[in-house]
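Peer 1: quick check, what structure comes out for this input:
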Amino acid sequence: MTDLFGDPPHASQAGGVANAPLADRIRPQNLGDIVGQEHLTGPEGAIGRMVSAGRLSSMILWGPPGTGKTSIARLLADAVGMHYMAVSAVFSGVADLKKAFAEAEQMARTGKATLLFVDEIHRFNRAQQDGFLPFVEKGIVTLVGATTENPSFELNAALLSRTQVLVLRRLDESALGQLLDRAEAVEGKPLPLTQTARDALITSADGDGRFLLNQAETLFAIAPPDPLLDPQAMAALLHRRMPVYDKDREGHYNLISALHKSMRGSDPQAALYWLARMLVAGEEPLYVLRRITRFAVEDIGLADPRALEQCIAAKSAYEFLGSPEGELAIVQACLYCATAPKSNAAYKAQKAAWKLARETGSLMPPANILNAPTKLMKDIGYGKGYAYDHDSDEGFSGANYWPDEMQPVALYRPAPRGLEAKIAERLAHWEGLRKERGNR
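Peer 2: Below is the predicted model:
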């Protein structure tokens, strides 16, 4: 499990490891060296606060590949003086876990706490995950699990209730650029790339620091120092397509803007052309699909909810098939979105709702819709007068759900197109019933 995200070691630290992989040679020395995860490792982040307090809670590190999960776990143990143990769910079984727990118990008897790092924890089955519970509850181990999958779906509820889920972000261009700077410092020479090619290399990593460093290591090893490689030459050397965009990335943003606006304008022919331009130029297919998915929720929304389903299905198909076969799924999502009825009603509703929430954030819900699990709460009026809609005519009570101090606000205004036309009729019908029943 290689650490990726640290400053280059000093010469004294690097001695004897000249032939080690590049990622090993730039491993971080402390949490301050981690790049791209300052929201967690900084002084105000969850991890930063735990380290300052000198006390760790069990946690799940959830994030994309190559974002520093392994590095953070190792450095956490160093930062608070804990014994560090690591297992991988890919290669470990029950016997390995029993051995790890026995070692942790032995360390506990000597007064030394143990941080147990479990990589790919989602690969353990439910019974194996349950095996962690007694050791976490007794404090024999502080569990730090790493996963690229959504913990809500992949981990037991019992395990989740005993851990804090921390979300790692995909590395942005600045963080990836820092990794390349550190790699060049360790190698003692710059990458043999033009600035345009360097930008393309960063873009091709799609937020994955490990992938970026592996590509950089290949370039250091086999690329001639002169002349500097442009994106096409670099792609040929790495046998990987690279985006061919200008230095300031204007071409990149121009093409994605053209794709988005062509779909918004319901022109599937133009949308397909701009999609092809991006993929043929070497843009990461999943980046393009993420933008199409954003389009589905911003410019189509509930006018055709299946647009979002098409995009998510396209992601699964692409990940299953890979390139180039999987790119047809992206084409299908693009064409579906371009030909779907359009509405930005949900997008506008979100902006209006967020603005209203910021302005009225201290108002309490009305008492009738508050839960009353205790006698005291019932006595002070929680839940009094709540109308259970299923017991009302048409399954609709028409009750008030807004704070007593404010009037209802029409945040969502469906467009008269697609499914939203029917939604608009339904909302109008319900609004009429509210007025009839004196709730407006």
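
Peer 1: which pLDDT value belongs to Ala14?
Peer 2: Turning to Ala14, the model gives it a pLDDT of 40.

Peer 1: now do Ile26
Peer 2: 87.

Peer 1: ditto for Pro225
Peer 2: Listed pLDDT for Pro225 reads 80.

Peer 1: ok, Gly207 next?
Peer 2: 85.

Peer 1: which ones are touching it?
Peer 2: When contacts are counted by Cβ atoms under 8 Å, 6 or more residues apart in numbering, Gly207 touches 64, 66-67, 170-172, 176. For every residue, glycine as well, the C-beta is placed using N, CA and C.

Peer 1: show me where the stretch 101-250 of the chain has its strands.
Peer 2: Along the stretch 101-250 of the chain, counting by DSSP state E, counting those that start in this stretch, strands occupy 114-119, 141-147, 164-167.

Peer 1: any weak-confidence spans in this structure?
Peer 2: 1-18, 240-251, 439-440 (pLDDT under 70).

Peer 1: got the buried residues for stretch 387-405?
Peer 2: 387, 397-400 (16 or more other Cβ atoms under 10 Å).

Peer 1: in contact with Ile330, which residues are there?
Peer 2: Ile330 neighbours (Cβ under 8 Å, 6+ apart): 275, 279, 285, 288-289, 292, 314, 318.

Peer 1: typo on my end, it should be Leu219
Peer 2: Leu219 makes contacts with 191-193, 201, 229, 234, 237-238, as judged by Cβ under 8 Å, 6+ apart.

Peer 1: list the contacts of the top helix by length along the chain.
Peer 2: When the chain is parsed with DSSP state H, its longest helix is helix 418-436. Helix 418-436 has contacts (Cβ under 8 Å, 6+ apart) with 301-305, 340-341, 343, 345, 394, 396, 398, 414-416, 440.

Peer 1: before we move on, what about stretch 307-319?
Peer 2: Stretch 307-319 has contacts (Cβ under 8 Å, 6+ apart) with 285-286, 289, 292-293, 296-297, 300, 326-327, 329-330, 332-333, 336-337, 340.

Peer 1: elements contacting the strand or helix carrying Lys98?
Peer 2: Assigned by DSSP states H and E, Lys98 belongs to helix 94-109. When contacts are defined as 3 or more Cβ pairs under 8 Å, 6 or more residues apart in numbering; DSSP states H and E, helix 94-109 packs onto strand 83-88, strand 114-119, strand 141-147.

Peer 1: could you list which of the contacts of Ile330 belong to helices?
Peer 2: Counting by DSSP H, the contacts of Ile330 place 275, 279, 285, 288-289, 292, 314, 318 in helices.

Peer 1: out of these, who's the most crowded?
Peer 2: Within the ones in helices among the contacts of Ile330, most neighbours by other Cβ atoms under 10 Å means Leu275, with 29 neighbours.

Peer 1: circling back: got a quick ChimeraX command for the buried subset of the contacts of stretch 307-319?
Peer 2: The following ChimeraX line selects those of the contacts of stretch 307-319 that are buried, judged by 16+ other Cβ under 10 Å:
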select :285,286,289,292,293,296,297,300,326,327,329,330,333,336,337,340
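
Peer 1: count of neighbours near Pro224?
Peer 2: A total of 10 residues lie near Pro224 under the criterion other Cβ under 10 Å.

Peer 1: quick one: contacts for the residue lying closest to it once chain neighbours are set aside?
Peer 2: Leaving aside its sequence neighbours, Pro224 sits nearest to Pro192 (Cβ to Cβ, 6 or more residues apart in numbering; 6.6 Å). Contacts for Pro192 (Cβ under 8 Å, 6+ apart) come out as 219, 223-226, 228-229.

Peer 1: cool, thanks, signing off.
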